[in-house]
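S.K.: next comes the sequence, and after it the predicted model I'd like to discuss.
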Amino acid sequence: MSHELLTFLLVGMALGTKLVTAPHPPWWGRMIRRFLVSTFPIAQHILFDLTVTELGNFTNSKGTLIVVNHKTDFDIILLGPTMYKAGGKAARRIAFVAAERMFLPGYISDYILHGPQWLRRLVYPANLSAILKAIRAYPIGYLHSRKLKAHLRTALEIIGDMPIGEVFSRPIEEIIPGATADTPISRILRFRNHEALDREWDFSVFTPTIRHKLRRQHMQETIEDLGRFAAVLNDGDPLYIAPEGGLETDGRFDEAKAGLVRLVKMARNAIILPVNITYDFMTTGRQRTFMTIGKEQCNVKNWSRSRLEQGVITSVERLGMITFSQLAAVGMRRLAEDGDLIHTVALKQEILREMLLLTDRGYYVDMHILDPKEFAKRWKRFIAYCVRNRMLQQIGAWIMCDTNTLFGPTSDGKVPPWTYAINEFNAIVNATEAGITETEQEGAVLSGI
């Protein structure tokens, strides 16, 4: 980052909360919020079997920054109504930090709908921006990269409808296959290029002059966005943020983006409330889902950047729930070391053994697994999920699996469910053990005194 841009950012951070006031939704936005809060629990009940733990930790203190891991796009359906109802009148003013992509045309077409091509083309121009802002959801983008459609929409505003060949520093075919250099930007922003437009690019893809203008404009918009969020906290309203900036792709909490640190520093007195959402996803039917509320973290404004980022990650991960899916994946990996043929009794015993050890150690564990009837139901749904997804075969009392297929990379490069569950388990264990060690060390010091 150049010295000029760094100075610009620091000055903007210093003045942000004075220049930007907290927006308030119009009357129709409040009506939409009430409607969503009343209908989201119906979706909760249909799709999930939700258990909320330590809800009393949400005291609805002024300026509460609710920091949540980001597993799926259903997170908000689970957390929003829960906080809305539990926190009283003030919590009903909760605002949300949302991904920039949700405010761009094509979001419904590219992400929500997976129907016929003609339907996706029809809804492609739809823009949810006004509705989202009316219900107090506001955008934030990555500082160093954006969706190509976001880049080009800003370029259209700043430099006009230039031929696309004069915009990029790289050959057009590498960025938008099938496009010609003389095509204007406005025509590039059409449905036919939706796959290319949905890719993430940094600013280096543009020519130096345009790159500088786009980066400067994006810096200014980011400062305004952060100032808006800080103003929400300064007004005493709660603010929801998923600091990873995107979905967890491998079961582990991604790094906390710099926006979290800047937001905390800009707010007068933010209080961080860590929340973890865990899905018991290797199942058929309704998913068992767990939301665990941590203890409030005060006086965080004076924390260093590294302490803020690592502290948030650790505090959220140690709230994770040990699920049947995780225990089964870990047990399967251990037993598969002796061969690809596993007896069902051995795997069941491994699940229960590991669960009891973790419970004694102080972890958050799904205690319903200890109920024989509940265990039998979970086991049946777990096996059905694995068979349906061709992850294993069951022959009588034996399970046949190919460990290379189970734990190896998939053809599309995504992390397989088994590896995802194990990564999730290991992240919870590492974070929880760090907390237990800290507590034991403090206890040793106190006993010595």
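M.R.: Sure thing, it's come through.
S.K.: where is the longest strand in this protein?
M.R.: Criterion DSSP state E: the longest strand present in the chain is strand 271-280.
S.K.: which strands or helices does that strand pack on?
M.R.: strand 64-68, helix 75-86, strand 287-293, helix 305-317 (3 or more CB pairs under 8 Å, 6 or more residues apart in numbering; DSSP states H and E). In short, each C-beta sits where N, CA and C put it, glycine included.
S.K.: who touches the residue nearest the centre of the chain in this structure?
M.R.: Centroid-nearest residue in the chain, with CA atoms, centre = their mean: His70, separated by 2.1 Å. Contact partners of His70, counting by CB atoms under 8 Å, 6 or more residues apart in numbering, are 242, 244, 246-248.
S.K.: if you set the cut-off to 10 Å instead, what comes out?
M.R.: 76, 99, 241-248, 253-254, 277 (CB atoms under 10 Å, 6 or more residues apart in numbering).
S.K.: show me which of the residues you listed are buried.
M.R.: By neighbour count, with 16 or more other CB atoms under 10 Å, those hold 76, 99, 241-245, 248, 253-254, 277 as buried.
S.K.: could you write out the alpha-carbon coordinates of stretch 275-287 in PDB?
M.R.: This file holds the C-alpha atoms of stretch 275-287, laid out as PDB (Å, rounded to 0.1, in the frame of the first residue of the first chain):
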ATOM      1  CA  VAL A 275     -20.900 -17.000  19.400                       C
ATOM      2  CA  ASN A 276     -20.300 -20.400  17.800                       C
ATOM      3  CA  ILE A 277     -22.700 -22.200  15.500                       C
ATOM      4  CA  THR A 278     -22.000 -25.900  14.800                       C
ATOM      5  CA  TYR A 279     -24.000 -28.100  12.400                       C
ATOM      6  CA  ASP A 280     -24.200 -31.900  12.900                       C
ATOM      7  CA  PHE A 281     -24.400 -32.100   9.100                       C
ATOM      8  CA  MET A 282     -23.600 -35.800   8.300                       C
ATOM      9  CA  THR A 283     -27.200 -36.800   8.700                       C
ATOM     10  CA  THR A 284     -30.500 -37.100   6.900                       C
ATOM     11  CA  GLY A 285     -33.700 -35.200   8.000                       C
ATOM     12  CA  ARG A 286     -33.400 -32.200  10.200                       C
ATOM     13  CA  GLN A 287     -29.900 -31.300  11.200                       C
END
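S.K.: list the buried ones in it?
M.R.: 275-283, 287.
S.K.: and if you look at stretch 64-77?
M.R.: 64-71, 74-77.
S.K.: which one of those is nearest Val345?
M.R.: Lys71 (31.7 Å; CB to CB).
S.K.: residues in contact with the closest one?
M.R.: 78, 242, 244, 247-248, 251, 276-279, 281, 289, 424.
S.K.: now the longest strand of the chain, how far from the centre of its chain.
M.R.: 11 Å (CA atoms, centre = their mean, to the nearest Å).
S.K.: give me the mean pLDDT for it.
M.R.: On average, the pLDDT along strand 271-280 is 95.
S.K.: ok so, going back, among the helices and strands packed on strand 271-280, which is the most enclosed?
M.R.: strand 64-68 (a mean of 24; mean count of other CB atoms under 10 Å).
S.K.: how are the strands of the chain distributed by residue range?
M.R.: Under DSSP E, the chain gives strands at 48-53, 64-68, 95-99, 137-140, 145-147, 200-202, 239-241, 271-280, 287-293, 341-343, 393-395, 398-400.
S.K.: any chance of these in CSV, plus distance to Val264?
M.R.: Shown next, in CSV, are those (distance: least, CB to CB, whole Å):
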stretch, distance to Val264
strand 48-53, 25
strand 64-68, 7
strand 95-99, 13
strand 137-140, 14
strand 145-147, 23
strand 200-202, 25
strand 239-241, 10
strand 271-280, 8
strand 287-293, 19
strand 341-343, 48
strand 393-395, 50
strand 398-400, 48
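S.K.: Ser109: which of the ones you listed is closest?
M.R.: Nearest of these (CB to CB): strand 145-147, 13.4 Å.
S.K.: and that closest one, what does it pack against?
M.R.: Here strand 145-147 touches helix 148-159, strand 200-202, helix 208-234, going by 3 or more CB pairs under 10 Å, 6 or more residues apart in numbering; DSSP states H and E.
S.K.: next, the contact list for the closest residue to Trp201 other than its chain neighbours, please.
M.R.: In space, Trp201 comes closest to Leu148 once its chain neighbours are excluded; the distance is 5.4 Å by CB to CB, 6 or more residues apart in numbering. By CB under 10 Å, 6+ apart, Leu148 lies in contact with 175-176, 188-189, 193, 196-201, 205.
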